[in-house]
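*Asks:* Sharing a sequence plus its predicted fold:
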Protein chains: 2
Amino acid sequence: MRLLDDRVPGAEMALRELYPDTGHAITIGITGNPGSGKSTLTNRMIAHYRAQGLTVGVVAVDPSSPYSGGAILGDRIRMMDHATDPGVFIHSLATRGQLGGLSRSTDDVVHIMDAMGFDRVLIETVGVGQDEVDIVKTAQTSCVVLVPGLGDDIQAIKAGILEIADIFVVNKSDREGALRTAADLKALQHLLAEQQWNAPIIKTVATTNTGISELADAIDMHGEFLQTSGQLTSNLEGREAHLLRNLLNDRIGQRLDHVLKKDGLGDELVARMAARTLDPYTAADTVLKELLVTDTDG
Amino acid sequence: MRLLDDRVPGAEMALRELYPDTGHAITIGITGNPGSGKSTLTNRMIAHYRAQGLTVGVVAVDPSSPYSGGAILGDRIRMMDHATDPGVFIHSLATRGQLGGLSRSTDDVVHIMDAMGFDRVLIETVGVGQDEVDIVKTAQTSCVVLVPGLGDDIQAIKAGILEIADIFVVNKSDREGALRTAADLKALQHLLAEQQWNAPIIKTVATTNTGISELADAIDMHGEFLQTSGQLTSNLEGREAHLLRNLLNDRIGQRLDHVLKKDGLGDELVARMAARTLDPYTAADTVLKELLVTDTDG
């Protein structure tokens, strides 16, 4: 895992080897606002799966912390109940600069855990930004965690995260306003419903271990639905296509960034465009020509 | 304009020539749900600016209609009061396949109108999807049009369009629920407020020409704010950088699509990845190698 963190070519080499062994783990995305109790919920879900004899990998993703955040998140996670259980593997990821890079790193870690033979891989995000949405929707089943009260929901709605929910979780559902939140979700359910699956609303109180087995059941039901409807296969191919495109965009984007930064080319072109001494098409041609030269080099 | 519609190389050639003459028009984005009365509002704003002796270009953008929609929109627009006024130029755009292509076409039309000497260019979108958000936020001042009632607002919130608002317009504000909508916006204003500009909430009833001059005043005030704060320059450079990146992504994306579709390469690679007989890194290498060959060809 250290190799992966450091993003040296060796990690990629290992993943090239591991890929044939992947595709067995069931991946579960868990997203929601900070303060919605996702960590406690994840902790309880680990315990639930472990009690069933299943092994669990956890990827905790924090796109909002480019530098030190990953370590803080890691510490938080390591304090969890399962840190010494060999049937549980926990890894945290923070942003490492490149747009789309975190999404790629998450894919990589999930594939490694999958190849290592973990039965379930939980992908937990810290917040609900666009990056998190992109990451969580690559899971087989996406759980969106909300808590009673409008303020938090607005953040989730703003990020468009409700639309990717296969399951809505109303955590801290012993709090005031839980019924209202569930009613709001019912209205949204109606707006968002697509095809045959109608995302269920599961009420939990993670701190008291309430509703966890219902949540696990809902995840299983969603898995069965995907299988019987044939969406499991089509979703898999969709995810692979998404992964390939992601990887391509990532690599091309890196080369593009390199070309734009080299000798301040990008800044120079933009300044000339702003001064109207250069048109955008000629500017783009210049960059594309440079990109080809870079590509040929390596 | 026909050249631009058909996307022949000649249109690009013309734009290469025209670019030095652009940068004078004030661009105003107008977005909101279908039914929010954007067209009537746009119509009234044209009249307002014409009464001040200003010339007005209008770009009506409809990403939801890949085929016939553009024409329907065009008809709708042509029925407007100003179709025969030589000081008004109206052009409609619908999706033409490529992702990001519509955004580029909109940029192109805005630049042409700008070069033609129009004082104001209004960019009106039909809906509030992600494409519309990307298009409208390239305008100097973005107006988000809402109507009283929660249903419509959720669509706007879902699309993340409230975040790009420089001005909120509550149209049909003579309707029940207008006060509530304004109050909701005030709460959002607080959540969304950035830097020094606090997006004002302007109440209009476009059908009775109410609030139009207040809206125009707010647009002017936003322009003055941009100038005095120095954001006009930084925004311009930001827009140019965005335009360049857009153009590059568009061109590279087109080449990538071409490579992936050629001989079914993309489908074949994805099928092999799904079958776990090919890892995504090797697949990406294959595509990148092909992309280089294509690039060298032309």
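*Replies:* Nice, thanks for sending it over.
*Asks:* Helices of the stretch 101-250 of chain A, residue ranges please.
*Replies:* Assigned by DSSP state H, counting those that start in this stretch, the stretch 101-250 of chain A shows helices spanning A:101-115, A:130-136, A:150-158, A:178-192, A:212-229, A:231-261.
*Asks:* Lowest average pLDDT across these?
*Replies:* Of all those, helix A:150-158 carries the lowest average pLDDT, namely a mean of 55.
*Asks:* on that earlier part again, possible to save the helices of the stretch 101-250 of chain A as TSV with distance to chain B and mean neighbour count?
*Replies:* C-beta: built from backbone N, CA, C; applies to glycine. Below are those laid out as TSV (distance: least, Cβ to the nearest Cβ, whole Å; neighbours: other Cβ atoms under 10 Å in any protein chain shown):
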stretch	distance to chain B	mean neighbour count
helix A:101-115	8	23
helix A:130-136	8	22
helix A:150-158	5	18
helix A:178-192	7	15
helix A:212-229	14	16
helix A:231-261	4	18
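*Asks:* A:Tyr49: which element?
*Replies:* In the assignment (DSSP states H and E), A:Tyr49 maps to helix A:38-51.
*Asks:* That helix - contacts with which helices or strands?
*Replies:* If contacts are counted by 3 or more Cβ pairs under 8 Å, 6 or more residues apart in numbering or on different chains; DSSP states H and E, helix A:38-51 sits against strand A:26-32, strand A:56-62, strand A:120-125, helix A:212-229.
*Asks:* thinking again about what came up before, can you redo the helices of the stretch 101-250 of chain A as CSV with distance to B:Asn33?
*Replies:* Below are these laid out as CSV (distance: least, Cβ to Cβ, whole Å):
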stretch, distance to B:Asn33
helix A:101-115, 30
helix A:130-136, 22
helix A:150-158, 15
helix A:178-192, 13
helix A:212-229, 31
helix A:231-261, 29
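*Asks:* right, and those helices - which one's nearest B:Glu224?
*Replies:* helix A:150-158 (28.9 Å; Cβ to Cβ).
*Asks:* quick one: A:Ile135 and A:Glu124 touch, right?
*Replies:* No - counting by Cβ atoms under 8 Å, A:Ile135 does not reach A:Glu124; the two are 10.0 Å apart.
*Asks:* what's the residue most central in space within chain A in contact with, if anything?
*Replies:* Geometric centre of chain A, nearest residue: A:Ile135, 2.4 Å, by Cα atoms, centre = their mean. By Cβ atoms under 8 Å, 6 or more residues apart in numbering or on different chains, the contact list for A:Ile135 reads A:Gly29, A:Val61, A:Pro63, A:Leu102, A:Ser103, A:Thr106, A:Ile123, A:Thr125.
*Asks:* List just the nearest of those residues to B:Leu288.
*Replies:* Once Cβ to Cβ is applied, the member of those that ends up nearest B:Leu288 is A:Ser103, at 18.4 Å.
*Asks:* show me what contacts the closest one?
*Replies:* So A:Ser103 contacts A:Asp131, A:Asp134, A:Ile135, A:Thr138, A:Asn246 (Cβ under 8 Å, 6+ apart).
*Asks:* Quick check: of those, which lies closest to B:Ala165?
*Replies:* A:Asp131 (22.8 Å).
*Asks:* where does that closest one sit relative to B:Tyr19, distance-wise?
*Replies:* 34 Å (Cβ to Cβ, to the nearest Å).
*Asks:* contacting residues for A:Leu265?
*Replies:* So A:Leu265 contacts A:Val259, A:Thr286, A:Val287, A:Glu290 (Cβ under 8 Å, 6+ apart).
*Asks:* so which helix or strand takes in it?
*Replies:* helix A:265-274.
*Asks:* Repeat that for A:Gly23.
*Replies:* Per DSSP H and E, there is no helix or strand for A:Gly23.
*Asks:* Can you report phi and psi for it?
*Replies:* phi 110, psi 10 (degrees, to the nearest 10).
*Asks:* Confirm for me that A:Thr210 is in contact with A:Thr204.
*Replies:* Yes - counting by Cβ under 8 Å, A:Thr210 does reach A:Thr204; the two are 6.0 Å apart.
*Asks:* These two: who's more crowded?
*Replies:* Using other Cβ atoms under 10 Å in any protein chain shown, the more surrounded residue of A:Thr210 and A:Thr204 is A:Thr204, with 24 against 15.
*Asks:* So for that one, what's the pLDDT?
*Replies:* 96.
*Asks:* what are the phi and psi angles of it?
*Replies:* According to degrees, to the nearest 10, A:Thr204 has phi -130, psi 160.
*Asks:* so it touches A:Ser213, yeah?
*Replies:* No - contact criterion Cβ under 8 Å: A:Thr204 and A:Ser213 do not qualify, at 10.1 Å.
*Asks:* Disregarding residues adjacent in the polypeptide, which is nearest to the residue of the stretch 151-298 of chain A found nearest chain B?
*Replies:* Residue nearest to chain B within the stretch 151-298 of chain A (Cβ to the nearest Cβ): A:Asp279, separated by 3.5 Å. Of all residues not flanking A:Asp279 in the chain, B:Tyr19 sits nearest, at 3.5 Å (Cβ to Cβ, 6 or more residues apart in numbering or on different chains).
*Asks:* Look at that neighbour and give its secondary structure.
*Replies:* When classified by DSSP: H, G, I helix; E, B strand; the rest coil, B:Tyr19 comes out as helix.
*Asks:* is it true that it touches A:Arg276?
*Replies:* Yes - using Cβ under 8 Å, B:Tyr19 is in contact with A:Arg276, at 6.2 Å.
*Asks:* Looking at those two now, which is surrounded by more residues?
*Replies:* B:Tyr19 (21 against 14).
*Asks:* joint contacts of A:Thr210 and A:Thr204?
*Replies:* In contact with both A:Thr210 and A:Thr204: A:Ser173, using Cβ under 8 Å, 6+ apart.
*Asks:* Any buried residues in the helix holding A:Leu265, and which?
*Replies:* With burial defined by 16 or more other Cβ atoms under 10 Å in any protein chain shown, the residues of helix A:265-274 counted as buried are A:Leu265, A:Gly266, A:Leu269, A:Val270, A:Met273, A:Ala274.
*Asks:* Can you name the next helix or strand after it?
*Replies:* Immediately after helix A:265-274, counting by DSSP H and E, sits helix A:280-297.
*Asks:* For that next one, name the packing helices and strands.
*Replies:* Checking 3+ Cβ pairs under 8 Å, 6+ apart, helix A:280-297 ends up next to helix A:231-261, helix A:265-274, helix B:9-18, helix B:231-261, helix B:280-297.
*Asks:* okay if I get those helices as CSV plus distance to A:Thr55?
*Replies:* Output for the helices and strands packed on helix A:280-297, formatted as CSV (distance: least, Cβ to Cβ, whole Å):
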stretch, distance to A:Thr55
helix A:231-261, 21
helix A:265-274, 47
helix B:9-18, 56
helix B:231-261, 36
helix B:280-297, 24
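*Asks:* out of those helices, nearest to A:Ala51?
*Replies:* It's helix A:231-261; of the helices and strands packed on helix A:280-297, that one is closest to A:Ala51 (Cβ to Cβ) at 25.7 Å.
*Asks:* And A:Asn171, how close does it get to A:Ile123?
*Replies:* For A:Asn171, the distance to A:Ile123 - Cβ to Cβ - is 17 Å.
*Asks:* ditto for A:Gln52
*Replies:* Taken as Cβ to Cβ, the span from A:Gln52 to A:Ile123 is 19 Å.
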